[in-house]
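Novice: here's a sequence, model it:
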Amino acid sequence: MMIKDRINDKLLQKSHEIYGRKWEVPTEQRRLYVYLLSDFWIAFWRLVNGFIRLRSCTTGKFVTVRGAPRIEGRGKITIGDHCRIWSHMGTTQLYAGPRAELIIGNNTFVNTGTILSASNRIVIGNNVQIANQVILMDGDFHGVEDREVMKTPGEIVVEDDVWIATRAMVLKGVRIGKGSTVAAGAVVTKDVPPYTLVGGVPAKIIRNLKNP
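Specialist: Residues are numbered from 1 along each chain as shown. The predicted model follows:
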């Protein structure tokens, strides 16, 4: 019993030394902990928000949503892994009409106020950056002369590693090549070669991005 009591006394003394000591965390370290906890909470909430807001879509892993995007249409919307969709300073709209497809690849970012409207098929590749208030629309909905006649929609393909800057517009039948950049406010009516910067209305080639 005496040996046991000595051991208990030693353990009790050690616990007092450890837990009874006043621990002081430096201010910078406390701030770091606060920032880490805040970032974790924001990431967790955006993940949950994505699960709720995109429940009518087919989504991959770790798709996060900031704000409340508007999801409409009877078509199919597919969103790849690690995508981020922001809709906090303007409503981002994802639309897929009857029998239409809207496909967004992995690790693609869609910024606030963007409109992706698929009447036929829009395919956006991996690692694409879409800035705020961009419009991708693969149909005219009606003609210029006869507005009662519905026009046939085309298809839009945005290949991997493309950046579409603020308020640019991409119209039907356009393919934007890998690694290209569409300048702010551009209206793209024709195909864009890979690794090319285009801008203007209608958009024209400004320079090659591989050999600036």
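
Novice: dihedrals phi and psi, V65?
Specialist: Dihedral angles of V65 (phi, psi; degrees, to the nearest 10) stand at phi -130, psi 130.

Novice: neighbours of it, just the number please.
Specialist: Residues near V65, counting by other C-beta atoms under 10 Å, number 26. Every residue, glycine included, has its C-beta placed from N, CA and C.

Novice: can you check the one 5 residues further on too?
Specialist: For R70, the count of nearby residues is 12 (other C-beta under 10 Å).

Novice: name the nearest residue to it, ignoring sequence neighbours.
Specialist: Beyond its immediate neighbours in the sequence, the residue positioned closest to R70 (C-beta to C-beta, 6 or more residues apart in numbering) is Q93, lying 4.6 Å away.

Novice: count the residues that sit near the one you found.
Specialist: Q93: 17 surrounding residues under other C-beta under 10 Å.

Novice: one more: the one 10 residues further on?
Specialist: Summarising burial for I103: neighbours were counted as other C-beta under 10 Å, giving 18.

Novice: correct me, but it touches N120?
Specialist: No - taking contact to mean C-beta atoms under 8 Å, the distance of 12.0 Å between I103 and N120 leaves them out of contact.

Novice: if we can go back for a sec, dihedrals phi and psi, the residue nearest to R70?
Specialist: Note on Q93: backbone dihedrals following degrees, to the nearest 10 are phi -120, psi 130.
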